[in-house]
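> the following comprises the amino acid sequence and a computationally predicted model.
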Amino acid sequence: MFDLHCHILPGVDDGADSWEESLEMARISLDSGVRTVVATPHMSPDLSPEQVSRLVEELGLRLSAQGLPLKVVPGMEARLEPDLPELLRSGRVLPVGGRYLLLELPHFSLPVYTGELLFKVMLSGYQVILAHPERNARVMENPGLVFEWVSRGMLVQVNSGSILGKFGSRVRQAAEMLVKAGLVHFLGSDAHSASGRRPDMGEAVKVLGRLTPMAQEIAALNGHLLLQGDFAPPEGAAQPPGTGGWRRWWRR
């Protein structure tokens with residue numbers, strides 16, 4: 001499996017607080033079937049892409065010393081901020097694989113500049129991957145927003161904890177709807193520790209398999225294709241989640 005979203009690097013955000021915890025998170029990931037993790041610390045003025053790359057390199061050395069066959073790839077989780085295009089141009093944000101930007105939406109709202117900002121980021125040559133949009137209050141009210149974003153070329157990552165209901169029933173229902181509508185391309189643990197929000201994706205993948213025949217692509221294949229620069233979402237797979245049976249399901 002492939003974990004696109006994990007706060008496994010120590011001491012840089014609200015994720016792992018030590019190398020010991022980073023290694024324990026790696027063990028949990030491996031036990032759940034994950035073989036590749038993207039380290040995605042929160043974008044911060046105090047954290048440079050060079051620091052992230054150095055920490056990933058050191059983590060790789062520590063994993064090898066412990067005999068843990070987990071591949072860790074550098075990245076960042078960006079925030080929806082007005083100056084994001086400038087931060088990208090100045091090299092202050094680290095996209096995954098050089099061109100895929102993992103972008104977190106606010107949890108409770110969508111700023112009026114959301115659409116324009118997403119468009120500017122994509123015009124700058126970056127492929128936007130929306131991080132856990134199912135947790136955004138506006139998306140929960142109107143999941144059709146995600147269809148609009150995907151139709152404009154954006155990609156979507158949902159959290160394993162959302163699939164399992166760890167963020168509440170409304171988030172779980174939104175995640176399920178997006179998966180069934182073919183609007184989800186990647187799965188991420190969004191893990192922050194070895195004890196609370198753990199990088200254990202195994203159970204979520206089982207649930208994912210009951211929601212869509214594309215579960216293995218979402219949980220594994222798409223991520224590896226992304227790192228190779230070969231990923232393209234299947235044409236015609238997405239559908240508006242607020243039409244027909246989807247609308248009746250959502251009201252129920």
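Everything's here; your move.
> so where do the helices sit in this protein?
19-31, 49-65, 84-89, 114-123, 137-141, 144-151, 160-163, 169-180, 202-211, 215-216, 222-228, 245-251 (DSSP state H).
> please identify the buried residues of the third one?
Neighbour-count burial for helix 84-89 flags 84, 85, 88 (criterion: 16 or more other CB atoms under 10 Å). Any C-beta I mention is one placed from the backbone N, CA and C, and that applies to glycine too.
> swap in the fifth one?
Of the residues in helix 137-141, 137, 138, 139, 140 count as buried by neighbour count, 16+ other CB under 10 Å.
> I'd assumed residue 171 was in contact with the last one.
Yes: the pair formed by residue 140 and residue 171 meets the contact definition of CB atoms under 8 Å, at 6.9 Å.
> need the overlap of contacts for these two.
residue 134 (CB atoms under 8 Å, 6 or more residues apart in numbering).
> re earlier: and the buried residues of helix 84-89 as JSON lines, adding distance to residue 222?
Output for the buried residues of helix 84-89, formatted as JSON lines (distance: CB to CB, whole Å):
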{"residue": "84", "distance to residue 222": "24"}
{"residue": "85", "distance to residue 222": "26"}
{"residue": "88", "distance to residue 222": "23"}
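> still on that earlier bit, distance to residue 4 and mean pLDDT added to the helices of the chain, as a markdown table?
Converted to a markdown table, those look like this (distance: least, CB to CB, whole Å; pLDDT from 0 to 100):
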| stretch | distance to residue 4 | mean pLDDT |
| --- | --- | --- |
| helix 19-31 | 12 | 98 |
| helix 49-65 | 15 | 98 |
| helix 84-89 | 19 | 95 |
| helix 114-123 | 18 | 93 |
| helix 137-141 | 18 | 94 |
| helix 144-151 | 16 | 94 |
| helix 160-163 | 11 | 97 |
| helix 169-180 | 15 | 96 |
| helix 202-211 | 13 | 96 |
| helix 215-216 | 15 | 96 |
| helix 222-228 | 6 | 95 |
| helix 245-251 | 25 | 43 |
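> would you turn those helices into TSV with distance to residue 78?
Below are the helices of the chain laid out as TSV (distance: least, CB to CB, whole Å):
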stretch	distance to residue 78
helix 19-31	22
helix 49-65	12
helix 84-89	6
helix 114-123	9
helix 137-141	18
helix 144-151	15
helix 160-163	19
helix 169-180	20
helix 202-211	24
helix 215-216	27
helix 222-228	16
helix 245-251	29
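> highest mean neighbour count out of those helices?
helix 160-163 (a mean of 26; mean count of other CB atoms under 10 Å).
> what helices or strands is it leaning on?
helix 169-180, strand 186-188, helix 202-211 (3 or more CB pairs under 8 Å, 6 or more residues apart in numbering; DSSP states H and E).
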